[in-house]
Every structure is written in structure tokens, then in C-alpha cells.
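J.: Dropping the sequence and predicted coords here.
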Amino acid sequence: MTDAVTSTLSVPRRPAPHHATGPLHWMHFHLFNGTHNIVLTLLIGWALIMVVPDVLTWAVLDAVWSGPGSACRSASGACWAIVAEKYRLILFGTYPFEEHWRATIAMVIIIALTIFSAFERFWSYRLFATWIVALGIVLTLMFGGVFGLVPVGTYQWGGLPLTLLIFFGAVVGGLPAAVLLALGRRSELPVIKALCVGTIEIVRGVPLITVLFMASLMLPLFMPEGVTIDKLLRAQLGMIVFFAAYAAEIVRGGLQAIPYGQTEAANAIGLTYWQRTRRIILPQALRIVIPPLVNDIIRAFKNTTFVSIVGLFDVLGATSAAIQDPEWIRYAPEAYLFIFALYFVFCFSMSKYSESVERKLSTGRNF
Amino acid sequence: MNQESEKSGSMIELRDVNKWFGDFHVLRDINLMVRRGERVVVCGPSGSGKSTMIRCINRLEVHQEGIIIVDGTELTDDLRKVELVRQEVGMVFQNFNLFPHMTVMENLMVGPTLVKGMPAREAEEQALALLARVRIPEQARKFPGQLSGGQQQRVAIARALMMKPKVMLFDEPTSALDPEMISEVLDTMVELAADGMTMIVVTHEMGFAREVADLMVFMDDGEIIETAAPDAFFANPKSERTKLFLSQILSH
Amino acid sequence: MSVPAVRARRRAPPHRPPVKLQDLWHSASFRAIALQGLVIVLVIGAGAFMIDNAMVALAKRGISTGFAFLNKEAGFPVGESLIPFNSEDTYLLAYAAAILNTLKVAAFAVVLATLIGTLIGIARLSDNWIVARLAAAYVELFRNTPQLLQIVFWYTLITLLPHPRQAWNPIGDVFLSKRGLALPWPEAHPAWWWMFAAVTGALVVAVWLGRRAAHQRRMGIRTRISGPWLASLVVGAPIVVWLIAGAPTATSVPAMSTFNIRGGATLSPEFIALLLGLSLYIAAFIAEIVRAGIQSVPRGQIEAARAIGLSRSHLYRKVILPQALRVMVPPATAQYVSTIKNSSLGVVIGYPELFNVSNTIITISGNTIEAIVIMMAVYLTISFTIAALMNWYNHTIRIRER
């Protein structure tokens, strides 16, 4: 008979009780939640307490930051003086000292253009044309011989400019090749398809060293007498071919994801194969595969170290050569740690960028 | 366009057309003639080859035997003829197939500017006029993904009309639409028919067929089973299979 | 109104009609054939041109061509080898030793990387904040630095270790010095090879029996074969063989002698550095693959399993792992293949794997092209074999749909 009791006052909102928030609660929930976690946290905490102070002492407190090799020998900490001593060699290789400014400008151009290319609203075929122009400018700067610049042969190029140049060249040269290979692999003409499949599978099935090796050793053999190809160019060709083969598979994945209806609609309107591929298919396909492509690009950056094996002095090659100095050779690990940090900064930033692109693409547009 | 077709008034002719997918015989001895200004509705169960047949008309599919003539041009391996035919035949797909990375305007303009070399300004004017004709001029700068299904299909119709085709082919244009949007597309098609466009429509919408069609074609299992004017077709189907199909389709 | 009088029969496809000459250029099929013909001519032409140049160049240097050089005496030693090899053995045997070295370091690297990577991948998903952060730090650190640099770094560290005379002696009879890691090792005895064969054979039989048993259980047939039964088979078989062979226990123990450490087995610095550089790098990628695989199992399934009341271990074994594995296998296989190919980086630190030895053979014999062809053939065979195995595995475990 009585109506259900309905309160006319709603329950007011209150802040969470003390024991559910605050740093103590956080620690309990994230660090000490359950016996196994308590044990783990304590163990790790103990290990860190044992190790970290010693590492810090070695790396910072007792470290020697400058001076000759003898200063390092009498100290017990890290010898960062080797970096202070050798950094020009590490960063520029044997590029002439007075011309370092040219190499620096070249590096700035490459880095700036890479950052510029990261913004989606600049993506277009015109951006690609800009890459090619930039490459030309970089090469002119490095080579010299025109505009009053002192000529510097490629055998003197080294260090970070060389690493960036090989990286940039591999991507700029490899991407269009990758697109062509991917399109060829999907072609209905059996000869073209077989050639593309063969190239892709063979290059992907052998180590990068082999590809570089073939480019460096076998290419001269296959050229007529008296024709020599620059050593840097040979290595660059090898890197381009390798990058193209892997990127081709990624692009092919993107092409496969485009519904066949797009091709049908384009054909119904009367577009030719190349009109349809350029305007309709590729823009959609490439956009889809940007995250894996960026991962491939990061890998191309790490792969630049391979050219040190065929006698070029990229950052790794230059460092290995620089530490051969008998006065400094026992402090080689510090020099390597320095370039570890260098590579890490580049690769980590690119990988963070790739993650942000992935996030944006998965939540964003409708297609 | 040649004089022979002007005289006979035939727009599309299929003579003894046969098509195979590999070893599978999917179109068997198709014979069909569509006159200028005629509206043909093709119906039949799924897998009967309806879509394949109309795709042969603009060479999206290739027939192995028989002759297909579109406005006097025979469809063969010859690329010039294929180009010619594609410019005269417009197609609207079940899944709209709009280009998602382009705006509505760009979708409409890409055909005339690239294929016919039309200057951009002229193409733009034409596009706006067509968008008005399909009743969605305000959507010009939007992307297809921002439009409803019915609006997208109307954009697709406008895109096909941009090429000033003489024939329009419709492949189940409303099958992918939510029910409340079917009528807006059908209304557009009815208006198009009233303007005198030659049309071949593959559809299950029998109401539309009754209203608009001059000829009903029933296909099953790769053959044309029966062709008739709509009244005779619905009231008095001759073949058993036609009767079965009509009873299934009209029962709901 | 019309109904066709005669119904069309089904027929076979016709032969191609003859091509009319005058419209040839615009014919789609003609263009296709012409283009392909042109491509063939270009490729063959370029190939012939290049090979001709190579023959001339090689003839000029007096180098013979052909694979007969494989039977010639090698004339160089191979640093370490699983099979006995000295400089009087043939090039062919040198290749065999090199390939075995490659497989050895790759196999250990793959196993090590999988163990470490799986642990770290699971740690990444831990609800313990420190554990998860440390695992993430590992992954970021090792993924974002070049593998070659890592290998060179480990090698440099090892070369800076003390001389064997002042070797580190962490426990028992284990010595670490700049000459490598010396461990106690059983003395060579045929019994060990038999045991190895027994374990491999038992594993194959166990896998086959296990799948048959799983299938039988699904069909409702009772069977006694189960996990513990199979495990005891795999463990018991080598033990039985060991007993039959007379239970050999002789071990060689490393001990300090005047200038060096003698006895036991030594892992060379090259091997250790390459192993570390390969496995720690790949482990970071495996960790990410494992994490992605586990996270790919839809949350709804985990909730449903918990709602049924499955214990945590059952949840993992029956619901999460089988599905996660399907997602993990293809990218993991790619990483394994990559490991085998990157073992070629051993050339930088002097580990005598396939690439290194090929290099030496080229320098000494001059048969550049043949040696590179052999090397590529070996790598391609390995890559394709693993790819084929993975495809077969994927096919057998695929989730069958209608």
C-alpha cells in the first residue's frame, strides 16, 4: 500500500576517501599488490640499490671529462676524455677540418627535412620532389668543386654526415623503387610479376651484408674495363636495393587493403592504369601503411652501420677507426657508449613519432 | 556513334555473349537489345550473372564469345574502343565506390579533368550543377566519409553523370543502403529516367521497376530466362523459374 | 515478351580468336605481350653484357671459373669449428664448418632470445610498476640502437677482460678472461651424440603423439597419453641411452696452467660477443611480439573465462596462449630468420661463420662469383625452409571457419 520510498535529496558527490588515493595508495596498488609483487619489488629495489650508486660513481663522479690519456689511467672512473679528444673524428670522419661547416649544413638540411616530412599536411608528391632537390643540394655541399667550394672526394666523407646521407639516400631512392616493385608484383603480366617477385624474395632472403658485398665486389666485375663506380655509390645502391625490397612488401600490403571497387570505379570513369594508380590507389595505400613504413625507415637508419663493413667511415666505422690510437684504445667502451646515445636519440624519436602516427590513424579519419 | 545505330535506335546490343571464369561458364548465350531512351530492369537470384553481364558492357569484365555493341562501337580488345565506350557508359555501384581521400567536388571533377582534359573551372561549374540536380549542393566540400549512405550514392550518380554518358548502368544501387535512405536514391533515378536517360538497372526494388521500367529481364544461372514489359512480367510470368523468383521476392 | 526457345548448355571455354593485324597496336593483349617481350630482351641483354664483362675480367686475372675449386686445398685455418678442420682440408669442408658455425650461433641465439624475450614481454604486462617500466626500458634501449654496434661493444668489453692468468673465477671451475669463457665439459664420448639423437627423436615422437592424443580427446576417444607422460618420454629416452652406454661421467675441467687455462670447453670471445649481440637485440623484438600477442586476445574472452571460473593457469594455458601463439608465430619466425641472416655480422669480429669464411675463400681463391652464389644459395635455402615450415605450421593451426 505504501509507495516505495524515493528520496527527494540526491546523494551528493564526495571526494574519494583517503585510503583510495594518494601516493601510499598508488605504491600499494602498483608495487606491493600481492605477495609475488612484494617480493619482486623488494628484490629489484635491493638490486638497484646495489648497482646504481656504483654505476653513477663510475660514470659521473669519478669520471674524467677531458685531458690526455694519462689522466684517465690514473683515475678509476669513466674516461669521457676520449670523446672530448676524438669527437671530431667520430662525428665527421676524415672530412677536412676547415670544411666541416659544409657537412654541418648538409646534416641540418637532412634533419630539418625529415622533421618537416613528419607533418601530415605536407604529404604529397611535391614533398617527394623536395626530397630529391634537397639530396642534390646536400651532395653539392659535400662534393664541392663548384661555387668556389673546395672539392672533397667521397673517400674523405665520414661520420654523421655520411650516416645521414646514406640513410636519406636509401629512403629517397628506395621508396619509389619499392612502389614500382610492389605494383609489379601485383601485375597481371607474368614476366613482370615473376621479375618483381624474384627480386623481392631474393633480396629479402639474404643478409644485408651480402647485398652490400655484391654491390661492392661484384659490380666492378660486371662493368666493362675501365669503368669504375665510386665506392660510396656502390654501397648506396646496395642500401637502396635492400630497403626497396622490404618496403615493397609493406606497400604491397597496403595495396591489397584497398577494395577492388576503387579500381572498378576508376575504370568505369575511364582513368588509365597510371592515372588510377597515382591518383586513387597509391594515396590511399601509402597512408594505410605509414606505421610499418616508418619502422622500416628506422631500421634503415640502424642499417647504415653496415657500410662500415665495406670500408666506409660512417659513425660506427669512424669510431672504430678513431679508437685504434694506442693511447686511448682501452677506453673504447666509453666512445661506443657515446655513439650508442647518439643512435638512441635518433631512433627513439623516430619510434615515438611512429607510435603517435599509429594512434592518430587508428582513431582518426573514416577510411 | 554510327548511322546504323541511329537508324535502328539501338543503344546496347548483346549477341550470343558467353563468358567463363576459368572453366566456369557464367554467362550463357546472352541476347539483349536496349533501345535509346529505354529503361531496362534486370532481376534474378544472386549468382545469376546479372552484375557480370552489365560489367561486360563497360568492359569491367571481358567476354570470351559473342558481340557487344554500345552505341555502334563494338567492344573488343582494341583499347581505343574500350575508352570510347567507357566515356559513353556511366556506372553506379552497390558500394558507391567513392574515393574516400578526395572531397565530393574532387570525386566529381577527377573524371572530366583527367580523361577529357576539361579545364578545372568548367568542371567545377558542371559539378555544382549536377550536385544541385541530385539535391545535395551543400555537401560539395565534404569528404564521402562524412555523408550518409543515401547522400554518398547520389554523389556517385552525379560522378557518373559528369562524363555525360549516354547510358547509365546501376548495379544494385540501393542494396547497401539503410531502408530510410532507399527512397531518396530511387527518386533520383526516377527523375533521371524522366529526363530520357537510357538505363539498365540491376535491382530487387520491384516497386521502382513497376514505375519506371520499359522492359523487365529475368536472369538465372547465367542465362536470360524471360524478358517482358512490366505489366505482363508481373501479372503473367511464363517460366516456372520466374514464377518461383517472383513469389519469393514479392512475398514480404 | 520472349522466352528463348532453346536453353543454352554449359560448355568449355573457347580457344583464342585470331588477332587482326591492323588494330594490333591498340590491342590490350598485344601490348601486354610486347611489353613483356621488351622486358625479357632488356633483362637478358643486360645480363649477357654483365656476364661477358665478368668473364673478360676474370680471364685477365687468370682465375678459372666453375665449381671445381671446391675440391682444392683450402690453405687457411678456421678459427673454431664443430667438425675437425685444418688448412689441408678442402674448400668444401671449409664451407661445411662455416655453415655449422652459423647454425650453432644462430640456434643458441634464437633459444636465448626467445627465453629472454618472452620473460620481458610478460614483464611488460605486469601490474608491478617497476617491473613493467624496467622491461619497457630494456626494449627501448636494445631496439633503438644498431645491432652491429651492440656486437662490437660486447666484443670490445671482452677483449678488455684480464689475461687468462688473472682470469675471473666467479664459481667453481668457470673462468672468464679475454680468451673466452672456460667451462667444465663432458669428455668426448659417442654416448653424448646418441643422447642428442635420442632427445631429438623423442621430441618428434612426443609432438606427433601429443597431437594425435589431442585430436582423439576432441573426438571423445579415451587415451592415456598426456602431458606428463610425454615429458617423461622426452626426459627418459636420453637417460636410458646414457645408462646403456655405460653411464660415462668423465668431465674435462678447466684449470689454470702456466700461461693459459687448459681443459674444459671454451666459448670463444667471438662466439660470446656474437651470441650476446644477436640474442639481446632480438629479445627486445620478441618481447614486443609476445606482448602484442597476449594483448591481441579479446578482453571479452578473458572475462568470459573468469566468469566460468577458470583458474589463472588454466586461463593462460587454454584460452590466452593458444590464441596469442597464432598471432605471435609469423612475426617471431621473421625475427628468427633475421637472426640467422644477421649471424653474418660475425665477420666484423672474426667469428668464422658463413660470410666470413666465404670472404676468405674469395680472397684466396679469387672465385668471387661462385663463392657469392654458394653463399646466397645457402642463406636463401635456410630462409625459404623456415618460411615453408612456418606456412605449414600456420596452416595446421588455423582457426577453421565456415
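T.: That came through fine.
J.: any low-confidence regions in the stretch 51-200 of chain C?
T.: The model of the stretch 51-200 of chain C has no residue with pLDDT under 70.
J.: the strands in it, which residues?
T.: Remark: strands of the stretch 51-200 of chain C, listed N- to C-terminal, are C:175-177, C:180-183, C:185-186; assignment by DSSP state E, counting those that start in this stretch.
J.: Can you name the residues of the stretch 101-250 of chain C sitting close to chain A?
T.: C:127-131, C:134, C:140-141, C:143-149, C:152-153, C:156-157, C:160 (Cβ under 8 Å from any Cβ of the partner chain). Every C-beta, even on glycine, is put in place using the N, C-alpha and C of the backbone.
J.: go again using 7 Å as the cut-off
T.: The stretch 101-250 of chain C has residues C:127-131, C:140, C:144-149, C:152-153, C:156-157, C:160 near chain A, with proximity defined as Cβ under 7 Å from any Cβ of the partner chain.
J.: Which ChimeraX command selects the buried ones in those residues?
T.: Buried members of these, identified by 16 or more other Cβ atoms under 10 Å in any protein chain shown, are gathered into one ChimeraX selection as follows:
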select /C:128,129,130,131,140,144,145,146,147,148,149,152,153,156,157
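J.: Quick check: beta-bridge partners of whichever residue of the stretch 151-252 of chain B sits closest to chain C?
T.: Shortest the stretch 151-252 of chain B-to-chain C distance, computed as Cβ to the nearest Cβ: residue-wise this is B:Ala228, at 3.9 Å. Note on B:Ala228: beta-bridge partners B:Met216, judged by DSSP bridges.
J.: For burial, what's the neighbour tally of it?
T.: Other residues lying near B:Ala228 total 20 when counted by other Cβ atoms under 10 Å in any protein chain shown.
J.: Strands of the stretch 1-150 of chain B, residue ranges please.
T.: With DSSP E, counting those that start in this stretch as the definition, the stretch 1-150 of chain B shows strands at residue ranges B:10-21, B:24-35, B:39-43, B:65-70, B:73-74, B:89-92.
J.: Could you say which of the ones you listed is packed most deeply?
T.: For those, the stretch with the most neighbours on average is strand B:89-92, a mean of 27; neighbours defined as mean count of other Cβ atoms under 10 Å in any protein chain shown.
J.: I would like the residues contacting it, please.
T.: Around strand B:89-92, the neighbours that count as contacts under Cβ atoms under 7 Å, 6 or more residues apart in numbering or on different chains are A:268, B:57-58, B:70, B:156-157, B:160-161, B:163, B:165, B:167-171, B:173.
J.: Partner strands of it and their direction?
T.: strand B:167-171 (parallel).
J.: and whichever helix or strand comes after the strand it pairs with, which residues are buried?
T.: Using DSSP states H and E, the next helix or strand after strand B:167-171 towards the C-terminus is helix B:179-194. By 16+ other Cβ under 10 Å, the buried positions in helix B:179-194 come out as B:Met181, B:Ile182, B:Ser183, B:Glu184, B:Val185, B:Leu186, B:Thr188, B:Met189, B:Leu192, B:Ala193.
J.: before we move on, the earlier item: for C:Ile33, which of the strands of the stretch 51-200 of chain C is the nearest?
T.: Across these, C:Ile33 has its closest neighbour in strand C:180-183 (62.3 Å, Cβ to Cβ).
J.: sorry, back to before: go through the contacts of strand B:89-92 and name the one with the lowest pLDDT.
T.: Comparing pLDDT over these, B:Asn58 scores lowest. The value there is 90.
J.: Tell me how many other residues surround C:Gln301.
T.: 13.
J.: Quick check: of the contacts of strand B:89-92, which lies closest to C:Ile225?
T.: C:Ile225 has its nearest neighbour among those in B:Asp171, at 56.4 Å by Cβ to Cβ.
J.: List the beta-bridge partners for the spatially most central residue of chain B.
T.: The centre of chain B sits closest to B:Leu169, judged by Cα atoms, centre = their mean, with a distance of 1.2 Å. When assigned by DSSP bridges, B:Leu169 has beta-bridge partners B:Met91, B:Ile200.
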